[in-house]
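# can't give you the sequence, but here's the structure:
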């Protein structure tokens, strides 16, 4: 069975062309509550990310690949706070019904394959601040087969994990 870092690396490689080398050779910076911080490097510089798996997924018993939520800093590309979730199934391309909710504040998401991103990239920094201040995050989406899923994440440790990658990829 693959470990979470290997699964995340494979998913990041599949979903993000600029990250392969960093994702394949990521080193754990530390675990903080429900979140883990990672750092890798490629020809463009350091790439850091935090990741977590949901504490619950509904409906139960649905066959899905590993599920995770990720926030990425790409030093070489000057990107910070790129928010995404790997859902573990192909998302409905015509009506994904994808969103992330932090303590009652909802953010629309767009889908590509089995990955969703914030629909408004300019909202990413505010979203990360909401993660740091929040207690629970809920990611919703609809699969190609029409199954509505709900993944619930604890935000415990998100602040410390973000601080770790902010320092490592400053």
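Good, I have the coordinates. Being a predicted model, the structure only gives us computed values, none of them experimental.
# Can you tell me the centre-most residue of this protein?
residue 70 (2.1 Å; C-alpha atoms, centre = their mean).
# Need phi/psi at that residue.
Recorded main-chain torsions at residue 70 are phi -140, psi 140, according to degrees, to the nearest 10.
# Would you confirm that it contacts residue 87?
No. Counting by C-beta atoms under 8 Å, residue 70 does not reach residue 87; the two are 11.7 Å apart. Just so you know, the C-beta spots here come from the backbone N, C-alpha and C atoms, and that holds for glycine as well.
# where does residue 167 fall, helix, sheet strand or coil?
Here residue 167 is helix, with the state taken from DSSP: H, G, I helix; E, B strand; the rest coil.
# That one and residue 46, how far apart?
11 Å (C-beta to C-beta, to the nearest Å).
# how about the host helix or strand of residue 108: buried residues?
Under the criterion of DSSP states H and E, residue 108 resides in strand 105-112. Residues of strand 105-112 classed as buried by neighbour count (16 or more other C-beta atoms under 10 Å): 107, 109, 111.
# Pairing-wise in the sheet, spell out the partners of the last one.
Translated: residue 111. Residue 111 has these beta-bridge partners by DSSP bridges: residue 116.
# Report the contact partners of it.
By C-beta atoms under 8 Å, 6 or more residues apart in numbering, the contact list for residue 111 reads 91, 92, 93, 96, 98, 141.
# buried subset of these?
Among those, those buried by neighbour count (16+ other C-beta under 10 Å) are 91, 92, 96, 98, 141.
# count of residues packed around the spatially closest residue to the second one that is not a sequence neighbour?
On the basis of C-beta to C-beta, 6 or more residues apart in numbering, the spatially nearest residue to residue 92 that is not a chain neighbour turns out to be residue 142, at 4.5 Å. Using other C-beta atoms under 10 Å, the number of residues around residue 142 comes to 19.
# residues in contact with residue 142?
91, 92, 95, 96, 97, 98, 148, 149.
# one more time with 6 Å, if that's ok
Contact analysis of residue 142 by C-beta atoms under 6 Å, 6 or more residues apart in numbering lists 92, 96, 97, 148.
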